[in-house]
Each structure stands twice: as structure tokens, then as C-alpha cells.
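**Student:** build me a model from this:
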Amino acid sequence: MRIIIIGAGLAGLIAARELDAAGADVLVLDKGRSPGGRLATRRVGGATLDHGAQFFTVRSPAFAKTVDDWLARGLVHAWNHGFDDGDGDSHPRYVATGGMNSLAKDLAVGLDIRCSTMAFAVRRDADSGDVSVAIDDGTSFEADAVIVTAPLPQAFALMIDGGIELDETLFRTDYDRTIGLLVRLDQAPDLPPSGGIQNADDVFSFIGDNASKGVSLEPAVTFHANPTWSEAHWDDDNDELVKQLAVAAHPWLGDATIVEHSLKKWRLATPRSIWPDPCWTTADGKVIMAGDAFAGPKVEGAHNSGLAAAHTLLA
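**Tutor:** Okay, the predicted model is just below:
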């Protein structure tokens, strides 16, 4: 079985590994320079910062099996059991020891992944029903089935003219935006012992201490602006964004000073509504949609959606 997967984020990588283990011929296409999607880690000077997904919890047996493997191999560890906002519970908040992107790199080992490759269209032949994926250089790959894990607006653009029946309700899903400021500091910041703050103030939805997480050897903090602020300031000049976010970050730094910074903008950061099923498929089962708009906009949701997509083809 020849399977093409569009998107090398967590959902796509999990689907690829499951199908590859079952003997399928799997090709993964991704427009980015490396696998990972929102499993994203960046260097700022000598510091290392997660700038997409910041942590994850485990609530389902399927995800627990994967995380147990990661724990056994030292790829992840527990950061805390909740933040200093009354969100403490019995569930550990896990982080990747080498940064979240290290998990993507581990999942990618042994897979046929072609990065810097932009999928242009998913098409079905009107006569044979066969599906194919065209990429931006004009090449076309035929497949027995295609799994699309791109955010829904991008997936819709890929398939709208391809002769594939689409559920309009699904593709009306809106996404929140996130602007992130990554900072390297000259000393440790004045953050709570947990190392993270959710819904910190009117600007930030999350603040994470990457040294506290064990990701960075140097003091470094990730600031995620909330959806309302990010939407309102999306088109601001980048230098102006840095200035505004640095001012908003100042109360959380204590005596620390920002030495270096980097700005990151996620246009399709978080789906505002979640499809009730872990994946969506066409009537003939040849095109499957998966990702965080299905099983939940978190690391676990993306994992479980990718797994469900693979199992749909293997059933």
C-alpha cells in the first residue's frame, strides 16, 4: 500500500510510523526545512527554547504507551504537576529533554520524509478514483491513500479543486493566532517555582522557563501572547512587536535583562472548535484528514489523531 502523508508534524509522523511498521510504503511531504511542525525548538545565542508546544500531559492509554517508551529512553521527563495558578492535579507536565523538536527527530528516523517540499494539490481521477499529490515543482505522486495533517484552511486549499468531496462544516473551523517572543537572559527570571504560568496577564497566555524545563543551559524564557492580543497586533511591524512584548515581559523577569531575542508568529496556532471524531475520511477511504483539529489542540490530541488515521487505513 502506497501512502502519502502531507505534514511532518506529530500527527503525520505518528501515522507514518504506524503505517511503516505495518509494511506500507510511506512518503511524508512537508514544506518546512525539518520535521516537527509545532514540536518546535530554536537556538537563541547559547540558549535553547521551545517556541511551539511547551509541554504535554497524558490522559489516554494510546498516548501513554508512546510516552512510556520516551521515558524509558530518556527522551522526556516530568517538569511539574501543574502551574502556580491553581491548575495543579495528579498529571505530570512532561517536556522533551532535548527540546520538543527532538521528539520529531526521533520519530522521523527511518522514514522517507521530504522537507522543503510544498504539496500543491490532492487530486482524485474522475474515472479511476485514484488519488495523487502534486507538489510545487510540477511532480505528481500517485498513492493508494493520502493523509492530510495540515491545518484545515491549508488542507481545504489543497483539495478544493481536486474532485474530492469535502465536508463544509469541517472546513469552516477558525484558528487563533499566537505571537511568541523568545528571550535569552543574563540571569534567571523571577518566575514561580513551577517554571511556567498560564494566562499570566492581559498579554500572555503562557510563559515558560526553558532552563527550569531542563531544555536550556542558559536562562531563557518563551512568552506566548494570547489570541486576542496576537490578533490585534498581527500586522504590526516586527520591531514594534518586540518592543511591546519586551515591555509586557518586564514584570516577569525580576532583575534579569534580555540579552538576545527572537520573534515567532503562528498564524494557524490553535483551532477554535474540535471535530468530534479523531479523524475524517472520504466515503471511499482514500483521503483522510487528521491533526490537532480532531482529537484536541494539544500534543496528545495530535498523537491520537495520527494514530486513528493510520488505523483507519489498516482496518
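**Student:** what's in contact with stretch 22-32?
**Tutor:** Residues outside stretch 22-32 that contact it (C-beta atoms under 8 Å, 6 or more residues apart in numbering): 1-9, 12-13, 16, 19-20, 35, 37, 111-119, 133, 135, 141, 143, 310, 313-314. For the C-beta atoms, the positions are set from N, CA and C on the backbone; glycine is no exception.
**Student:** may I have it exported as CSV, CA atoms only?
**Tutor:** In CSV, the C-alpha atoms belonging to stretch 22-32 read as follows (Å, rounded to 0.1, in the frame of the first residue of the first chain):
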residue,chain,number,x,y,z
ALA,A,22,2.6,-2.4,9.2
GLY,A,23,4.6,-2.7,6.0
ALA,A,24,3.1,0.2,4.0
ASP,A,25,5.2,2.2,1.6
VAL,A,26,5.0,5.7,3.2
LEU,A,27,6.2,9.1,1.8
VAL,A,28,5.9,12.2,4.0
LEU,A,29,5.9,15.6,2.5
ASP,A,30,6.5,18.8,4.5
LYS,A,31,7.0,22.4,3.4
GLY,A,32,9.3,23.1,6.4
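**Student:** any buried residues in it, and which?
**Tutor:** If you call a residue buried by 16 or more other C-beta atoms under 10 Å, then stretch 22-32 has these buried ones: 24, 26-31.
**Student:** now stretch 215-229
**Tutor:** So for stretch 215-229, counting by 16+ other C-beta under 10 Å, buried means 215-216, 218-227, 229.
**Student:** out of those, who's nearest Asp161?
**Tutor:** Distance to Asp161, by C-beta to C-beta, is smallest for Pro227 among the buried residues of stretch 215-229, at 30.8 Å.
**Student:** can you tell me how far that closest one is from Lys298?
**Tutor:** Shown here: Pro227 relative to Lys298, a distance of 15 Å by C-beta to C-beta, to the nearest Å.
**Student:** ok, Leu13 next?
**Tutor:** Leu13 sits 16 Å away from Lys298, going by C-beta to C-beta.
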